[in-house]
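**Student:** Structure for this input, please:
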Amino acid sequence: MRKTVLVALCLLVAGAAHGQKNDIALTGGGYFNVTSPLSLGVAPALEGTFAHRIASVPMLGLYAELPVAGSFSSDIPTVSGLTLVRSYTSLFITPGVRVRLAPSFPLSPYISAGLGYGRFNRQLFTGGSTSDSTFAFDIGGGLDLKFLPFVGLRAEVRDFNSGGVGLETLTLGRQNNLFVTAGIAVRF
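**Tutor:** Okay, here's the model as predicted:
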């Protein structure tokens, strides 16, 4: 009887693991504006991601993903046109694709890319505020470490390339917004 229950439990766990086509992650960390020459610090950042597996072969999975990332008020001074900006916040929503290597292994690396929307809200030294929306694309990668059947830890680096908050690069008029985060991921 115990062997029958054990075999049934193993089949149930294997079926549940095969059925895990979705994952939701919440990560936190830091935001770095690596393009701006005035960017001297880091701002707190949060990212939430939903991904759905659309195809898989042994050792490789292809996912559609929706990352939503934002930075809190930074103390990074910038120049927007001729106005000195005290701080700013950012928001990025860039649906895209993720390619995961060894998705069923306990340690699983991935790369991702997407296209979408970026928004910056600026607090001016004069007390006012301004905001801009822009086209953004992202490229990134990460590593998932599974420690329970449906729960794991995630570490990720993602670069959101967008229009800027002021001093954009001279060549493309765009800036790199680097998010370095870690947190928890749940698969279902």
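**Student:** which residues in this structure form helices?
**Tutor:** Here the chain has its helices, by DSSP state H, at 2-18.
**Student:** Quick check: Val157 vs Leu124, distance?
**Tutor:** Computed as C-beta to C-beta, to the nearest Å, the Val157 to Leu124 distance reads 31 Å. Backbone N, C-alpha and C define where each C-beta goes, glycine included.
**Student:** my read: Ala136 touches Gly96, true?
**Tutor:** No - with contact defined as C-beta atoms under 8 Å, Ala136 does not reach Gly96; the gap is 10.9 Å.
**Student:** Identify the contacts common to these two.
**Tutor:** The contact sets of Ala136 and Gly96 overlap at Leu115, Gly116 (C-beta atoms under 8 Å, 6 or more residues apart in numbering).
**Student:** Neighbour count for the two, which is higher?
**Tutor:** Shown here are Ala136 and Gly96; by other C-beta atoms under 10 Å, Ala136 has more neighbours (24 against 19).
**Student:** quick one: contacts of stretch 175-182?
**Tutor:** With C-beta under 8 Å, 6+ apart as the test, stretch 175-182 has contacts from 27-36, 45-47, 69, 71, 90, 92, 118, 140, 153-165, 168-169.
**Student:** Inside strands: which ones of the residues you listed?
**Tutor:** Cross-referencing these against strands under DSSP state E gives 27-33, 45-47, 69, 71, 90, 92, 118, 140, 153-162.
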